[in-house]
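Asks: coordinates only, sequence not included:
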């Protein structure tokens, strides 16, 4: 006998994530003559199902023998063709399960099918019911207006089929809802682009944004639609960063209209607000720490920030950071311990260690903070991602400075400088904020070592440098630094 050939196929990757319930449903799907009339496909599926989810002892010849007992010799082409047919059916099943949950699309397709088949009485009844359901929907996002556009389009088609000269067709509603969908979607994705540009430094080409903003400035009707109004505020807030009035108006509108927006959109809108506040803090506006803290408390209370049973490790760090900035130390410690289990397992311990170190540092427990920093396990060049890596490096520098470990401090400053200079992904303004931090800590260190540096000029430089991370710590540090002996 020849060497056994292991069974490797795309079909295994499609089946592997499915749980017992989903496999049972797939079995029912494959057993339905409407979808599949080939019994060999069912037999193949049952053989694979026996080894789910590991699929460690699967061999082509053995599977072939079980599925084709009437064949005396193994035929690779026959098995490959059957696997391809099963793969296509499983992909169709996945698509079908998604489709089943898309009530809006189902309703539109039903109306389209009724119209195509000339079921005009049924169409009218179903259209009336669907339009009533639309008016009762509480959540009105961009997709809501696209759905209304589709339904009104079918209504208009009905009038053209049954009475080409109808004067009261739905054509105006078709156009109106198309406008609403385009404006809502365009503003949302413009906000997404502007936000992402600030986070990762990617550059995108945005067209028609200024024209849309001008239109909304002149058109009060579209501006009153809650979804459009909120994303209009966000786009203005991100485009005109220095105008803080946009932030204040967005905050008021979000509190006013959040009951009319889906929970996922609310989470994203609050994330945009928090990102803006974080960038303001980087830009030397510490008062935004309190704004962020209140928003995060609200998101935790309403469980908006919890997705499934997890919390983003970036939100986790940001929450601890703003709590520390407003000196809510006890609250921060309770948060770290209570929400640790909600961080994804792969980074949970590192996230816990870093944030405990940040809290202990803020409480001037520098040795304990350093112990937690040393507990962090590196599996790559970066600690989780470049943001966390910058947070880690910054805290390590602060801790070694406070512990007066000069050699370690100088080494950390240089390694961080090299990391920033080599990393091409970090946005320029954020990179500059950390580069300025490194430069000023180096000057503080030189001052401590007795080099002739004017304390007054250094204090003024710290206050005037923008953007700058950890500006408050730098100001506080220069404020408690003893005047050198050589100074007047």
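Replies: Nice, thanks for sending it over. Just so it is clear, the model here is predicted, and its values are computed rather than measured.
Asks: list the buried residues of the helix or strand hosting residue 458.
Replies: Using DSSP states H and E, residue 458 falls within helix 455-464. Along helix 455-464, these residues count as buried under the neighbour rule (16 or more other Cβ atoms under 10 Å): 455, 458, 461-462. Glycine gets a C-beta too; all of them are placed from N, C-alpha and C.
Asks: likewise stretch 324-344?
Replies: Buried, per 16+ other Cβ under 10 Å, within stretch 324-344: 324-326, 328, 331-333, 335-336, 339-340, 342-343.
Asks: Throw these into JSON lines and include distance to residue 473, thanks.
Replies: Shown next, in JSON lines, are the buried residues of stretch 324-344 (distance: Cβ to Cβ, whole Å):
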{"residue": "324", "distance to residue 473": "11"}
{"residue": "325", "distance to residue 473": "10"}
{"residue": "326", "distance to residue 473": "15"}
{"residue": "328", "distance to residue 473": "17"}
{"residue": "331", "distance to residue 473": "20"}
{"residue": "332", "distance to residue 473": "17"}
{"residue": "333", "distance to residue 473": "20"}
{"residue": "335", "distance to residue 473": "21"}
{"residue": "336", "distance to residue 473": "20"}
{"residue": "339", "distance to residue 473": "25"}
{"residue": "340", "distance to residue 473": "26"}
{"residue": "342", "distance to residue 473": "29"}
{"residue": "343", "distance to residue 473": "26"}
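Asks: and which of those is nearest residue 140?
Replies: residue 342 (30.0 Å; Cβ to Cβ).
Asks: let me know whether the closest one touches residue 307 as I believe.
Replies: No. Residue 342 is not in contact with residue 307 according to Cβ atoms under 8 Å; the separation is 9.6 Å.
Asks: wait, residue 184 touches residue 230, no?
Replies: No. Using Cβ under 8 Å as the test, residue 184 is too far from residue 230 to be in contact (9.7 Å).
Asks: which other helices and strands contact the helix holding residue 458?
Replies: Helices and strands touching helix 455-464, by 3 or more Cβ pairs under 8 Å, 6 or more residues apart in numbering; DSSP states H and E, are helix 428-448, helix 471-479.
Asks: looking at those, which is buried most?
Replies: Comparing the helices and strands packed on helix 455-464 by mean neighbour count (mean count of other Cβ atoms under 10 Å), helix 428-448 ranks first with a mean of 19.
Asks: tell me which residues are up against it.
Replies: Residues outside helix 428-448 that contact it (Cβ atoms under 8 Å, 6 or more residues apart in numbering) are 198, 201, 282, 390, 394, 397, 401, 404, 406, 409-410, 413, 416-417, 420, 423, 453, 455, 458, 461-462, 465, 467-470, 474, 477-478, 481, 484.
Asks: what does the domain assignment say about this structure?
Replies: 10-100, 116-259, 380-488 (automatic domain parsing).
Asks: closest one to residue 274 among those?
Replies: domain 116-259 (10.7 Å).
Asks: as JSON lines, the domains of the chain with mean pLDDT and distance to residue 352 would be great.
Replies: Putting the domains of the chain into JSON lines (pLDDT from 0 to 100; distance: least, Cβ to Cβ, whole Å) gives the following:
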{"stretch": "domain 10-100", "mean pLDDT": "94", "distance to residue 352": "28"}
{"stretch": "domain 116-259", "mean pLDDT": "92", "distance to residue 352": "24"}
{"stretch": "domain 380-488", "mean pLDDT": "90", "distance to residue 352": "12"}
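Asks: list the contacts of residue 200.
Replies: For residue 200, counting by Cβ under 8 Å, 6+ apart, the contacting residues are 425, 427.
Asks: quick revisit: and the helix holding residue 458, how far out from the chain's middle?
Replies: Counting by Cα atoms, centre = their mean, to the nearest Å, helix 455-464 is centred 39 Å from the centre of its parent chain.
Asks: ok, stretch 249-262 next?
Replies: 20 Å.
Asks: pull out the buried positions in it.
Replies: 250-251, 253-254, 257-258, 260-262.
Asks: residue 17: which of those residues is nearest?
Replies: residue 262 (25.7 Å).
Asks: now do the contacts for that closest one.
Replies: Residue 262 neighbours (Cβ under 8 Å, 6+ apart): 139, 141.
Asks: how close does it sit to residue 142?
Replies: 10 Å (Cβ to Cβ, to the nearest Å).
Asks: which stretches in the stretch 301-450 of the chain count as helices?
Replies: Applying DSSP state H, counting those that start in this stretch to the stretch 301-450 of the chain gives helices spanning 313-325, 329-339, 345-362, 366-374, 386-402, 406-422, 428-448.
Asks: in a markdown table: these, plus distance to residue 35.
Replies: Formatted as a markdown table, those follow (distance: least, Cβ to Cβ, whole Å):
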| stretch | distance to residue 35 |
| --- | --- |
| helix 313-325 | 42 |
| helix 329-339 | 44 |
| helix 345-362 | 37 |
| helix 366-374 | 56 |
| helix 386-402 | 47 |
| helix 406-422 | 54 |
| helix 428-448 | 52 |
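Asks: so which of these gets nearest residue 95?
Replies: helix 345-362 (30.1 Å).
Asks: gap between that closest one and the chain center?
Replies: 21 Å.
Asks: can you give me the buried ones in that helix?
Replies: Under 16+ other Cβ under 10 Å, the buried positions of helix 345-362 are 347, 350-362.
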